[in-house]
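how would this look folded up:
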Amino acid sequence: MSFRLAASAEMLYLKLPFTERVKRLHERGFEVEIWGWNTKNLTEIAATGAVISSMTGYLRGDLTSAEGIRELLSTAAESLQAAEIINSPRLNLHGTGLDAKGLPVISGHHVTGADWLTAEDTLRRIAELGESAGRVFTLENLNTAVDHPGTPFARAADTLALVSAVDSPGLKLNLDLYHAQIGEGNLIDLVRRALPWVGEIQVADVPGRCEPGTGEIRYQAIAAELRSLGYEGVVALEGWASGDPDAALDAFQAAFS
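Residues are numbered from 1 along each chain as shown. Below you'll find the model as predicted:
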């Protein structure tokens, strides 16, 4: 296998305490992804020995408003300190802060040309923080049709345009193929275009956001394409288990083995 597999502790083994979820994924041989670090016992997580693949890289903020930019940069710096505890190499961002329901703090229905330039400048500053700390911020694409309506800079085409414009080792794409299938489709071509800027790839099937094999995406073909392209990074299951979590992980592993 030319790439490594990770899974989200936020979406699997939900009956277990969070640190136990991390431990279970580690025992299964997966790297582990977490979301909001400020609600977790990072010392306990570090003690599990799990390889943490990524974590959320901010607490508040957005890419375009003056106050939002200040909050984004400030809490990104805090997140870098948290990343040191669990040694997370990647810190994830979105086009704007999301509330508890996944809705955007600032709606993106009227993104202007000036907003694009401001977002690029903000991300360049974020990338400088990442480079200075020896870590990478990743900008994740989202879908606006099902999960995150109104989020600005949400499409994979948007995140690719921003990350490639910044063109820094401190900022990469978190290419989420579940979100991309809902919003854009044509996944193999998207992978080919985006790969030079990819920091990690996330997967789940459509519809339902569960493990591969529960929906319409033929992930075996995507896995074959990633191998042919020489991708050596992380592929992470950021999806729910349709039934038993171990069976879901088995299906994910089979699709990418």
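
which residues are contacting the helix or strand that residue 25 is a member of?
Using DSSP states H and E, the element containing residue 25 is helix 18-27. Contacts with helix 18-27, where a contact means CB atoms under 8 Å, 6 or more residues apart in numbering, come from 7, 9, 12-14, 16, 31-32, 34, 40-41, 44-45, 48-51, 249. In this view, the C-beta of every residue, glycine as well, is placed from N, C-alpha and C.

Buried only: go through these for me.
7, 9, 12-13, 31-32, 34, 40, 45, 48, 50-51, 249 (16 or more other CB atoms under 10 Å).

Wasn't residue 235 part of a strand?
Yes. Judged by DSSP: H, G, I helix; E, B strand; the rest coil, residue 235 forms part of a strand.

Now do it against residue 13, distance only.
Counting by CB to CB, to the nearest Å, the separation of residue 235 from residue 13 is 19 Å.

before we move on, back to that, determine which two of the buried ones among the contacts of helix 18-27 are furthest apart.
For these, the maximum inter-member distance is 21.1 Å, found between 40 and 249 (CB to CB).

Can you show me the strands along the stretch 1-150 of the chain?
4-8, 31-33, 52-56, 90-93, 136-140 (DSSP state E, counting those that start in this stretch).

Quickly list what the residue nearest the centre of the chain is bridged to.
By CA atoms, centre = their mean, the chain has its centre lying nearest to residue 174, at 4.6 Å. Taking DSSP bridges, one finds residue 140, residue 200 as the beta-bridge partners of residue 174.

Spit out the contact partners of it.
Per CB under 8 Å, 6+ apart, neighbours of residue 174: 54, 90, 92, 138, 139, 140, 141, 159, 199, 200, 201, 202.

wouldn't the second one be in contact with residue 134 here?
No. Residue 90 lies out of contact with residue 134 (CB atoms under 8 Å); the separation is 11.7 Å.

Looking at the two, which one has more neighbours?
residue 90 (23 against 12; other CB atoms under 10 Å).

Just list the residues touching the more buried one, thanks.
Taking CB under 8 Å, 6+ apart, one finds 53, 54, 55, 57, 135, 136, 137, 138, 172, 174, 199, 200 in contact with residue 90.

Could you rerun that using 10 Å?
Counting by CB atoms under 10 Å, 6 or more residues apart in numbering, residue 90 touches 33, 52-55, 57, 83, 130, 135-138, 172, 174, 199-200, 233-234, 236.

Could you dump the strands of the stretch 1-150 of the chain into CSV and include distance to residue 253?
Output for those, formatted as CSV (distance: least, CB to CB, whole Å):
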stretch, distance to residue 253
strand 4-8, 6
strand 31-33, 13
strand 52-56, 15
strand 90-93, 21
strand 136-140, 23
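
Any idea which of those gets closest to residue 219?
Closest among the strands of the stretch 1-150 of the chain, using CB to CB: strand 4-8, at 12.0 Å.

elements contacting the closest one?
helix 18-27, strand 31-33, strand 52-56, strand 198-203, strand 234-237, helix 245-255 (3 or more CB pairs under 10 Å, 6 or more residues apart in numbering; DSSP states H and E).

run the last query once more with 7 Å
strand 31-33, strand 234-237 (3 or more CB pairs under 7 Å, 6 or more residues apart in numbering; DSSP states H and E).

what's the first one in contact with?
By that I understand strand 31-33. Residues outside strand 31-33 that contact it (CB atoms under 7 Å, 6 or more residues apart in numbering): 4-9, 22, 25-26, 50-54, 234, 236, 238.

and those residues, which are buried?
In the contacts of strand 31-33, the ones that pass as buried (16+ other CB under 10 Å) are 4-9, 22, 25-26, 50-54, 234, 236, 238.

returning to that earlier point: may I see the helices and strands packed on strand 4-8 arranged in TSV, with mean pLDDT and distance to residue 216 as well?
As requested, the helices and strands packed on strand 4-8 are exported to TSV (pLDDT from 0 to 100; distance: least, CB to CB, whole Å):
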stretch	mean pLDDT	distance to residue 216
strand 31-33	98	24
strand 234-237	98	17
